[in-house]
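K.L.:
predicted model follows, preceded by the sequence.
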Amino acid sequence: MTLLAVHELEARHGLLQAVRGVSFAVAERQVLAMVGANGAGKSTLLRTIAGAHRSAGGTVTFDGADITHLPAHARVRHGIALVPEGRRLFADLTVEENLRVAARRARPGPWNLGAVLDAFPALAPLRTRRAASLSGGQQQLTAIARAVVTNPRLLVVDEVSLGLSPVAVDGVYDCLRVLRDAGTTLILVEQDLRRALSVAGHVLCLLEGRVALSAPTAGVTREQVTAAYFGLHRAELP
């Protein structure tokens, strides 16, 4: 069943068109990895889907409902949660306080504070630490946990591993696999192609605001994704 459908979506920053007629669909329980060079339009696309950036054309449909013109808080109620680039935690609040603030707007579902801390065991000993005192990896885990506690049907994570150490990235991906195995639908923006392909069932590559490649990860090669990433030639899919 299709959960998210994006059709001919466009988004601009002033006169700059960042997203150019993008169309794709995400099925329920699917994990989609979105890749592309800096400036390809990935973050703007995610923010437009989440309602944090106004669309300039096209449609966003979620669970059969047109949400194109809904504000971000209404999309959260529908079940879309965005973990933005840079995490944007409440720096002066503790880990637990960050989660409790998000939980106030939670949809009904299985995720509450206890369930999230069980799924993210690395956060349990940090629950009384201020967010500003955490490492980059700990902040990323907290940001993901804050989104999960709202009980999203679609979790969108921008720049999963940007600026993190390899050990921290391992911890983040361990938690993402827990969410995937629990049936959460995921869109992950990732610069590390190997990691992206290891966890996702489908890959979408953006180039200059357009879809350069869309394919199941099982049926595409790293070389094809790399070619689409750099715009070297049109990838031929099996």
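P.N.:
It's in. Here the structure is a predicted model, which means the values were calculated and not measured.

K.L.:
CA atoms only for stretch 141-154, dumped as CSV, please.
P.N.:
Included here for stretch 141-154 are C-alpha records, laid out as CSV according to Å, rounded to 0.1, in the frame of the first residue of the first chain:
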residue,chain,number,x,y,z
LEU,A,141,20.0,9.6,18.6
THR,A,142,18.1,12.1,20.7
ALA,A,143,16.7,13.9,17.7
ILE,A,144,15.5,10.6,16.1
ALA,A,145,14.0,9.4,19.5
ARG,A,146,12.2,12.8,19.8
ALA,A,147,10.6,12.2,16.4
VAL,A,148,9.8,8.5,17.1
VAL,A,149,8.0,9.4,20.4
THR,A,150,5.3,11.2,18.3
ASN,A,151,4.4,7.8,16.8
PRO,A,152,5.0,8.7,13.2
ARG,A,153,3.8,6.6,10.3
LEU,A,154,6.6,8.1,8.2
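
K.L.:
all helices of this structure, in order?
P.N.:
According to DSSP state H, the chain carries its helices in the segments 42-50, 72-78, 95-103, 113-119, 136-148, 166-181, 193-199, 222-230.

K.L.:
tell me which residues of the last one are tucked away?
P.N.:
Neighbour-count burial for helix 222-230 flags Q224, V225, A227, A228, Y229 (criterion: 16 or more other C-beta atoms under 10 Å). Glycine gets a C-beta too; all of them are placed from N, C-alpha and C.

K.L.:
so what does that helix touch, helix or strand wise?
P.N.:
Contact here means 3 or more C-beta pairs under 8 Å, 6 or more residues apart in numbering; DSSP states H and E; on that basis helix 222-230 packs against helix 193-199, strand 202-207, strand 210-216.

K.L.:
and the ones you listed, which is most packed in?
P.N.:
Stretch with highest mean neighbour count among the helices and strands packed on helix 222-230: strand 202-207 (a mean of 24; mean count of other C-beta atoms under 10 Å).

K.L.:
relative to the whole chain's centre, how far out is that one?
P.N.:
Going by C-alpha atoms, centre = their mean, to the nearest Å, the spacing between the C-alpha centre of strand 202-207 and its chain's C-alpha centre is 13 Å.

K.L.:
so it versus strand 210-216, what angle?
P.N.:
For strand 202-207 against strand 210-216, the angle by axes from the mean of the first three to the mean of the last three C-alpha atoms, to 10 degrees is 160 degrees.

K.L.:
parallel or antiparallel, list what pairs with strand 202-207.
P.N.:
Counting by DSSP bridges, the strands paired with strand 202-207 are strand 31-35 (parallel), strand 210-216 (antiparallel).

K.L.:
stretch 172-192 spans what distance, first to last residue?
P.N.:
Stretch 172-192 stretches 13 Å from its first residue to its last (C-alpha to C-alpha, to the nearest Å).

K.L.:
just the buried positions in that stretch, please.
P.N.:
Applying 16+ other C-beta under 10 Å to stretch 172-192 flags 172-173, 175-176, 179-180, 184-190, 192 as buried.

K.L.:
show me which of those residues is closest to V35.
P.N.:
Nearest to V35 among the buried residues of stretch 172-192: E190, at 6.3 Å, using C-beta to C-beta.
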